[in-house]
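In: Here is a sequence with its predicted model. Questions after.
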Amino acid sequence: MNIRKIILILLLSGIISSVLGQTTATGTEKKNFKMSGSVQAGSFFYGSNGPGIRQEPFGYSFGAQLNISLYGLSIPFYASLNEQGTAFQHPFNRYGLSPKYKWATAHIGWRSMAMSEFTLNNTTFLGGGLELKPGKFRFSFMMGNLKQPENLAALNVLSPQFKRKGLAFKIGKGTEENHFDFIVLKAKDDTNSVALPDSVLKTVNAYENLVLGIKNKTSMLKKKLILEVDAAASIFSSDIRFDPIELSNDGKYDWVKKIYNPNISTSATYAVQGKIGYQQKTWGLGVQYRRVMPDFKTLGSEYLLNDLEAITVNPNLNLLKGQLMISGSYGTQRNNLDMKRLGTNERKISSFGITYNPKPSYGFYAGYSNYTFQQQIVIDSLYNDSIVINQLTHNIIFTPRLTLIKENWVNNLILTINYQLLADQNEVTAAMQNNDMILANLVYSAVAKKTGLTINSGINFFRFHQQSINISRFGITVGASQKFFKKKLNLGLNTSYNIQDETFGNSNFLSANLRIGYQIHKKTQLSVIGLLNSVNTTSSNYQEQRIQIQVVQGF
């Protein structure tokens, strides 16, 4: 389907929805069929005075979202097009549907699904999926491409990659409060999916991965006690092009190769996380344990930190009928679980917070955290010589608030003060590593009850100090917004000015933006945004302007 057909479908959808809205229908028809969505069109103009070009002088964008509900079946659709998309073969880079009917949901096209953190965890894929939750039965399934093939000759491709096919399913029983799930993920790269010279192909990673996982949640004592377990075992091959390993001389276990074909690059590891929490009306206590082995990988997650063991304890108190809340945590983290690294990092993390709201008009939050970082680096394994890095970070935050309600105005005042200190416990490196930072921000806002005029202003201060670096910044912000013509026209103006003084020179920054919004029709909105930035530093001076126009039509 080409772009013209897609745009035509979207336009026809808008026309059909408009016609349907004007024709008479029975209550049953309206209940069984609903269509809603919006179409957006916009463009921007950019100009600058000074060195360098930070943005194209002109750009445009078109977007449409449509949701059809037919006899309980929900079918959402979204598509977008902009000036960058014209560089590709298909400007609509990604599109997909997730129709839903009662306890069944289907996924078609570019979608993402989450089964567990250590198996399939919201990785975008191109393919199909299904989720079924009839009663206490829980079933999920997906099949598709986790990665698309990329050749070096393709536009914007820095490094090639193979097509990665994936399959996952989850089967379980229970509810959101009490359930047990079993998950399987299988993913493998297709080494024939790209056309590259052999010398380049050897440098491209070719993975295979099989992950078996379980996920359990149990609520007891009227949901006061909650136990959660998430665990997985992963078999991972870093290069599937090696010769496979013979599992037995008589071929007794050759059936395993139909599921997974291990080779010398194959490793097996695990990851586990457990939580237990008990919450009463006035107090609670939680404990969490997490262990992810160094070589644990899952191709169903874009990023997962491994080689980590962490234990955390989280107590809390709720006193004075909810006016006073006290919470804290203490935990330890470490890596080098298999003792193969030359260095071992250990962290001790503690925090403490108090929230006090004696009246709706005033209150405060105060918090303190203490992070200890320890690292032991082995310099000479023969003589077991090593050095130890020990650093301590203190973080203090205090945020009082005040609300004053007068006859015509509602006033809000919030102050935030944040102080951080890094103390190096090593006398040799302390002078170079020690630093402290303070950040203060005072924000005032007022709303007129009768006219709706909104005024906001703020003052901010920042200071950072180290042995050879000193940075201080002071700034102010002022803005206002007002609606006119029975709230159809909305005007807003915001300005900010910052002065920065640092070791290597001074600089100042001026920023202003004007927003105009007008409701042309009940479901038609026009917005115009003008931006102005002026930057003056010891190394560069420039001014830039940007005007953005957008029209949104709902139906």
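Out: Right, received. Where do you want to start?
In: Can you mark which positions in the helix or strand harbouring residue 437 are buried?
Out: In this structure, residue 437 is located in strand 435-448 according to DSSP states H and E. Of all the residues in strand 435-448, those buried under the rule 16 or more other C-beta atoms under 10 Å are 435, 437, 438, 439, 440, 441, 443, 446, 447. Every C-beta, even on glycine, is put in place using the N, C-alpha and C of the backbone.
In: Redo those as TSV? Include pLDDT and distance to residue 405.
Out: Output for these, formatted as TSV (pLDDT from 0 to 100; distance: C-beta to C-beta, whole Å):
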residue	pLDDT	distance to residue 405
435	80	42
437	89	36
438	94	32
439	94	29
440	96	26
441	96	23
443	97	18
446	96	11
447	94	10
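In: which residues does the closest residue to residue 271 other than its chain neighbours contact?
Out: Of all residues not flanking residue 271 in the chain, residue 292 sits nearest, at 4.3 Å (C-beta to C-beta, 6 or more residues apart in numbering). Shown in contact with residue 292 (C-beta atoms under 8 Å, 6 or more residues apart in numbering): 118, 271, 304, 305, 306, 307, 308, 309.
In: Which among those residues count as buried?
Out: 118, 271, 306, 307, 308, 309.
In: want to throw those residues into JSON lines with pLDDT, distance to residue 101 and secondary structure?
Out: What follows is the buried ones among the contacts of residue 292, written out as JSON lines (pLDDT from 0 to 100; distance: C-beta to C-beta, whole Å; DSSP: H, G, I helix; E, B strand; the rest coil):
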{"residue": "118", "pLDDT": "96", "distance to residue 101": "30", "secondary structure": "coil"}
{"residue": "271", "pLDDT": "97", "distance to residue 101": "35", "secondary structure": "strand"}
{"residue": "306", "pLDDT": "91", "distance to residue 101": "39", "secondary structure": "coil"}
{"residue": "307", "pLDDT": "91", "distance to residue 101": "44", "secondary structure": "coil"}
{"residue": "308", "pLDDT": "90", "distance to residue 101": "41", "secondary structure": "strand"}
{"residue": "309", "pLDDT": "94", "distance to residue 101": "44", "secondary structure": "strand"}
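In: Reformat those residues into CSV and put distance to residue 212 next to each item.
Out: Listed next are these as CSV, based on distance: C-beta to C-beta, whole Å:
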residue, distance to residue 212
118, 10
271, 11
306, 17
307, 21
308, 21
309, 21
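In: wait, which of the residues you listed is closest to residue 339?
Out: residue 307 (11.0 Å; C-beta to C-beta).
In: Hmm, residue 339 and that closest one touching each other?
Out: No: the pair residue 307 / residue 339 is not scored as a contact, 11.0 Å apart, by C-beta atoms under 8 Å.
In: Name whatever forms a beta bridge with residue 111.
Out: Beta bridges link residue 111 to residue 125 when assigned by DSSP bridges.
In: so who does residue 518 touch?
Out: 488, 489, 490, 525, 526, 527.
In: any idea which element it lies in?
Out: Going by DSSP H and E, residue 518 is part of strand 505-521.
In: Would you mind listing the buried residues in that strand?
Out: 507, 509, 511, 512, 513, 515, 517, 519.
In: Same check on stretch 308-328?
Out: Quick answer for stretch 308-328 (16+ other C-beta under 10 Å): 308, 309, 310, 312, 314, 316, 318, 325, 327, 328.
In: Would you mind putting those into CSV with distance to residue 407 alongside?
Out: Formatted as CSV, those follow (distance: C-beta to C-beta, whole Å):
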residue, distance to residue 407
308, 57
309, 60
310, 54
312, 49
314, 45
316, 40
318, 35
325, 33
327, 38
328, 42
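In: and of the residues you listed, the nearest to residue 95?
Out: When the buried residues of stretch 308-328 are ranked by distance to residue 95 (C-beta to C-beta), residue 308 comes first, at 36.9 Å.
In: backbone phi and psi for the nearest residue to that closest one once chain neighbours are set aside, please?
Out: Closest residue to residue 308 apart from its sequence neighbours, by C-beta to C-beta, 6+ apart: residue 292 at 5.0 Å. Backbone geometry at residue 292, expressed as degrees, to the nearest 10, gives phi -120, psi 120.
In: could you measure residue 292 against residue 117, distance?
Out: 10 Å (C-beta to C-beta, to the nearest Å).
In: Now do the shared contacts for those two.
Out: Joint contacts of residue 292 and residue 117 (C-beta under 8 Å, 6+ apart) are residue 304.
In: Just confirm residue 457 contacts residue 494, I think it does.
Out: No: Residue 457 lies out of contact with residue 494 (C-beta under 8 Å); the separation is 10.0 Å.
In: hang on, the earlier thing: so of the buried residues of stretch 308-328, which ones are in strands?
Out: Within the buried residues of stretch 308-328, residues falling in strands by DSSP state E are 308, 309, 310, 312, 314, 316, 318, 325, 327, 328.
In: can you give me the strands in the stretch 1-150 of the chain?
Out: For the stretch 1-150 of the chain, the strands defined by DSSP state E, counting those that start in this stretch occupy 33-49, 58-70, 73-82, 96-97, 100-101, 104-114, 121-132, 137-147.
In: Okay, angle between the last one and strand 104-114 too, please.
Out: Following axes from the mean of the first three to the mean of the last three C-alpha atoms, to 10 degrees, one obtains 50 degrees for the angle between strand 137-147 and strand 104-114.
In: The first one now?
Out: On the basis of the same axes, to 10 degrees, strand 33-49 is oriented at 30 degrees to strand 104-114.
In: For strand 33-49, give the mean pLDDT please.
Out: What strand 33-49 shows for mean pLDDT is 88.
In: gap between that strand and the chain center?
Out: 24 Å (C-alpha atoms, centre = their mean, to the nearest Å).
In: Can you give me the buried ones in that strand?
Out: 35, 37, 38, 39, 40, 42, 43, 44, 46, 48.
In: List the neighbouring strands of the strand holding residue 437 plus their orientation.
Out: strand 409-424 (antiparallel), strand 454-466 (antiparallel).
In: Can you give the distance of that strand from its chain's centre?
Out: 26 Å.
In: Please apply the same query to stretch 61-76.
Out: Using C-alpha atoms, centre = their mean, the offset of stretch 61-76 from its chain centre is 25 Å.
In: any idea of the mean pLDDT for it?
Out: On average, stretch 61-76 scores 76.
In: do the same with stretch 519-527
Out: Averaging pLDDT along stretch 519-527 gives 91.
In: cool, stretch 404-413 as well?
Out: 92.
In: mind listing what's buried in that stretch?
Out: Those would be residue 412, for stretch 404-413 by 16+ other C-beta under 10 Å.
In: what's residue 268 in contact with, if anything?
Out: By C-beta under 8 Å, 6+ apart, the neighbours of residue 268 are 233, 234, 235, 236.
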